[in-house]
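Asks: show me the folded form of this:
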Amino acid sequence: MDRPTLADELLLIAYDDEEGSAIAGAPALDYGLAAALLIELALADRVEFAGGRLTVRDTTPTGEPFADRALATIAREEHPRKPGEWLQRLSRTLREDLLASLVNARVLRREQGRVLWVFPVTRYPAGDPAPEHAARAAMRQAVHQGPVDARTAALCGLVEATGLARAVGLPAERLKAVADERWAADAVRKAVAEVQAAVMVAISAATVATTVSTMPGSA
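Replies: Below you'll find the model as predicted:
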């Protein structure tokens, strides 16, 4: 396949190649994938951030199906929304859709099994590891040597924001530093930073909500 999208690369990094299970937790990964779509649209100059809200600059399709679906959804909204609101809306079925797409492309395999011989489980081990290896190599190059292109810098920021730094064997602070470097126009970097911040807020809110719901007397 051609170079995967940011969402594809993040998803491949987040799944163990052999076990086929997710390394990142559900809120972090799902919001990160939705953030990747928004960043793709920002890099393509289709959306921008003004006053803390996301607005559409250009409705011309990018040619990437998932990003274009997100663009159409955002464009239909009457009033601009905050990035965090879009993360929740766009993430609802996104992971499953992306997994199916990567299986169709034979980058991942779908395997059905059972846990303790009772509970059904679906795993997604690597089919073609080359796209993920290329993404990891680009990130290592950016962290250790440079220079860095816009998409790789954005991927570094997404990996750091979703807690996957250890999975790629790179320091979280260096990934963040790469994402913060001047690798693109200020407007694009601002958009990426806004989305990354929204991911962190959304993850924190989801974690707090989960903790509260499991406390004694919360029912």
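Asks: show me which helix or strand of the protein is least confident by mean pLDDT.
Replies: Within the chain, judged by mean pLDDT, DSSP states H and E, the helix or strand with the poorest mean is helix 186-213; its value is a mean of 68.
Asks: where do the strands sit along this protein?
Replies: With strands called from DSSP state E, the chain shows them at 47-50, 53-56, 111-115, 119-123.
Asks: and of those strands, who's closest to A142?
Replies: Of all those, it is strand 47-50 that lies closest to A142, at 23.7 Å by Cβ to Cβ. Yep, even glycine has a C-beta here, placed from its N, CA and C like the rest.
Asks: look up how far A70 lies from the residue nearest the centre of the chain.
Replies: The C-alpha lying nearest the average C-alpha coordinate of the chain belongs to L33 (Cα atoms, centre = their mean; 2.7 Å). Distance, L33 to A70, by Cβ to Cβ, to the nearest Å: 11 Å.
Asks: the helices in this protein, which residues?
Replies: 6-14, 26-43, 65-76, 83-90, 94-104, 130-144, 150-161, 165-168, 172-180, 186-213 (DSSP state H).
Asks: ranking the strands of the chain by burial, who's on top?
Replies: When you average the neighbours per residue for each of the strands of the chain (mean count of other Cβ atoms under 10 Å), strand 47-50 leads with a mean of 19.
Asks: what is the mean pLDDT for stretch 26-40?
Replies: Rounded to a whole number, the mean pLDDT of stretch 26-40 is 90.
Asks: I meant stretch 145-157, not that one.
Replies: Stretch 145-157 comes out with an average pLDDT of 87.
Asks: give me the contact list for it.
Replies: Contacts to stretch 145-157, defined as Cβ atoms under 8 Å, 6 or more residues apart in numbering, come from residues 6, 9-10, 36, 39, 43, 135, 138-139, 141-143, 175-176, 178-181, 183-184, 188, 192-193, 196.
Asks: got it, and stretch 117-135?
Replies: With contacts defined as Cβ under 8 Å, 6+ apart, stretch 117-135 is touched by 1, 3-4, 8-9, 12-13, 15-21, 99, 102-103, 106-115, 155.
Asks: and those, which are buried?
Replies: P4, D8, E9, L12, I13, Y15, G20, L99, L102, V107, L108, L155 (16 or more other Cβ atoms under 10 Å).
Asks: help me confirm that the fifth one comes into contact with G163.
Replies: Spelled out, it's I13. No: in this structure, I13 is not within contact of G163 by Cβ atoms under 8 Å, at 11.3 Å.
Asks: residue ranges with poor pLDDT in this protein?
Replies: Across the chain, the ranges flagged by pLDDT under 70 are 1-2, 182-188, 206-219.
Asks: give me that answer again for 50
Replies: 210-215 (pLDDT under 50).
Asks: need the contact list for A36.
Replies: Contacts for A36 (Cβ under 8 Å, 6+ apart) come out as T5, L6, A7, L10, A154, L158.
Asks: and for D17, nearest residue in space, chain neighbours not counted?
Replies: Distances taken as Cβ to Cβ, 6 or more residues apart in numbering place A126 nearest to D17, at 4.1 Å, with adjacent residues excluded.
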